[in-house]
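Undergrad: coords below, sequence missing:
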């Protein structure tokens with residue numbers, strides 16, 4: 001089994017959208033549609049040109065997981081689109097961990113010191129994953145004013161990058 005992680009551009013929009021919507025809608029019944037996520041059709045302009053990035057993990061050429069970084073000001077970024085297909089989850093392949101580590105090292109290179117994310121309280125495994133990786137829960141009102149909120153999110157986390165690892 002060959003695992004490869006690479007930056008995604010607009011040519012991967014359809015694959016990324018399929019993976020993410022399947023997990024959101026079918027697996028977890030999160031009430032979110034493609035219309036709530038126009039960024040998926042504009043990976044390059046929304047993520048990369050703004051100073052962030054969008055990565056995909058491929059197993060034998062199949063998109064198995066994604067993670068994205070929205071840089072929303074000079075020293076701060078938000079994690080978005082952190083999804084791994086059910087059959088590729090877990091410690092064996094460690095895809096989520098590898099994706100997160102690539103994103104954090106990208107932040108270090110780019111001088112991003114604070115990382116934030118929003119998730120949904122029903123995603124218990126995701127929440128445990130972030131907490132294991134030193135993210136601390138914060139209240140919505142303590143997010144930076146320019147944090148790009150998603151309507152479905154109701155739990156928020158922060159990581160101060162230089163304090164960890």
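TA: That came in fine, so what should we check first? The structure displayed is predicted, hence computed values, not measured ones.
Undergrad: got a list of what residue 27 touches?
TA: Contacts for residue 27 (C-beta atoms under 8 Å, 6 or more residues apart in numbering) come out as residue 86. All C-beta spots, glycine's among them, are computed from the backbone N, C-alpha and C.
Undergrad: what's the single longest strand in the chain?
TA: strand 62-73 (DSSP state E).
Undergrad: Can you list the buried residues in that strand?
TA: Of all the residues in strand 62-73, those buried under the rule 16 or more other C-beta atoms under 10 Å are 63, 64, 65, 66, 67, 68, 69, 70, 71, 72.
Undergrad: Likewise for stretch 156-165?
TA: For stretch 156-165, the neighbour count (16+ other C-beta under 10 Å) marks 156, 157, 158, 159, 161 as buried.
Undergrad: Out of the residues you listed, which comes closest to residue 25?
TA: Proximity of those to residue 25 (C-beta to C-beta) peaks at residue 156, which lies at 22.2 Å.
Undergrad: Name the strands paired with whatever helix or strand the closest one lives in and say parallel or antiparallel.
TA: Taking DSSP states H and E as the criterion, residue 156 maps to strand 155-160. Here strand 155-160 has these sheet partners by DSSP bridges: strand 114-119 (antiparallel), strand 136-138 (antiparallel).
Undergrad: for those strands, which one ends up most surrounded?
TA: Highest mean neighbour count among the strands paired with strand 155-160 (mean count of other C-beta atoms under 10 Å): strand 114-119, with a mean of 20.
Undergrad: tell me how far it is from the chain's mean position?
TA: Remark: strand 114-119 is offset 9 Å from the chain centroid, using C-alpha atoms, centre = their mean, to the nearest Å.
Undergrad: Toward the C-terminus from it, list the very next helix or strand.
TA: Next along the chain after strand 114-119, taking DSSP H and E as the criterion, comes helix 124-132.
Undergrad: Tell me the helices and strands packed up against that next one.
TA: Applying 3 or more C-beta pairs under 8 Å, 6 or more residues apart in numbering; DSSP states H and E, we find helix 124-132 packed against strand 114-119, strand 155-160.
Undergrad: now the first one and helix 124-132, what's the angle there?
TA: In other words, strand 114-119. Put simply, strand 114-119 runs at 160 degrees to helix 124-132, going by axes from the mean of the first three to the mean of the last three C-alpha atoms, to 10 degrees.
Undergrad: ok, and what's touching strand 114-119?
TA: Defining contact as C-beta under 8 Å, 6+ apart, one finds that strand 114-119 is touched by 75-80, 82, 103-104, 107, 126-127, 130, 135, 138, 143-144, 147, 149-150, 153-161.
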